[in-house]
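Participant: Kindly generate the corresponding structure for this input.
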Amino acid sequence: MERASGYSLEIVENSQLALLYIQASQQSCLALQRATRRIRRNVRRSDVVLLRGTNCIILLPATIPEGAQVVARRVYALLADVEFEMQLMYDSAAFALVQRLQNEHPLTIVEECETSWKPVSVTPYISDQSSLPYLAFLASYPPPRLLHLFPYELAHRHRCVPVGTERGVLTLATCKPLEQDLISHLHDITQHNIFQVRCEVEMIEDVLKYWRSTVFWQKEKSNSQHV
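Facilitator: Residues are numbered from 1 along each chain as shown. Next up, the predicted model:
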């Protein structure tokens, strides 16, 4: 990993901006430095990872809130060995924070070798897109309240599972992009806008297995209460 100082805010100040602000404890300073390497490999080339002591800033230019939330969940999973707090900011608040930290002390850009770069998109799915945001980890299984938003039969048939919801947007993990007709159908059923992320088929199968066992256990519990 190479590092370069003198980051300039001018490269993004005229575009829509989302920002993840991570504040680690002093005890986690070294762990945060290691984690920035993992983070750098899991964001887009156009995103910027900045580090200063126990502070890490991830700039996400031209990113809508739904896309930033997907990145935040991914980054959260990459900080398992770090004691930290994380904030998500947008536009003017994001610019103000970067400017303030820059004025206090130069920020360092976290870079990586070309060979280890993994491209990741954080834009919502459009019919002519060939890639989806990549979901590498799930910190935990989806809670029952989330699973109840989506019919299991459709999840099993189309190999897609709900992994998050926020402000009327339901995030679905899938192995391949869903057709627009199906997305419209899912929107009608769930009454949520659909945001897709890509994951490995093993993650889908694992969540479906957990989902089946959860539904079976709840049915058994309900039946026993009525006996």
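Participant: Quick check, T63 in contact with L19.
Facilitator: No. Counting by Cβ atoms under 8 Å, T63 does not reach L19; the two are 9.3 Å apart. Quick note: C-beta positions are derived from backbone N, CA and C, even for glycine.
Participant: show me where this protein has helices.
Facilitator: 29-41, 65-77, 91-104, 144-147, 152-158, 180-190, 201-225 (DSSP state H).
Participant: Pick the most buried one from these.
Facilitator: Highest mean neighbour count among these (mean count of other Cβ atoms under 10 Å): helix 65-77, with a mean of 20.
Participant: what about it, distance to the chain center?
Facilitator: Centroid separation for helix 65-77 versus its chain: 3 Å, with Cα atoms, centre = their mean, to the nearest Å.
Participant: any idea how far A72 lies from G164?
Facilitator: 10 Å (Cβ to Cβ, to the nearest Å).
Participant: is it true that R74 touches L135?
Facilitator: Yes. Between R74 and L135 there is a contact under Cβ under 8 Å: 6.5 Å.
Participant: where does this structure dip in pLDDT?
Facilitator: Residue ranges of the chain with pLDDT under 70: 1-15, 112-131, 136-137, 139, 215-227.
Participant: how does it divide up, domain by domain?
Facilitator: Per automatic domain parsing, the domain ranges recorded for the chain read 3-116, 144-225.
Participant: nearest spatial neighbour of R52, skipping sequence neighbours?
Facilitator: Spatial nearest neighbour of R52, excluding adjacent residues (Cβ to Cβ, 6 or more residues apart in numbering): L107 at 5.3 Å.
Participant: wait, isn't that neighbour in contact with L51?
Facilitator: Yes. Counting by Cβ under 8 Å, L107 does reach L51; the two are 7.3 Å apart.
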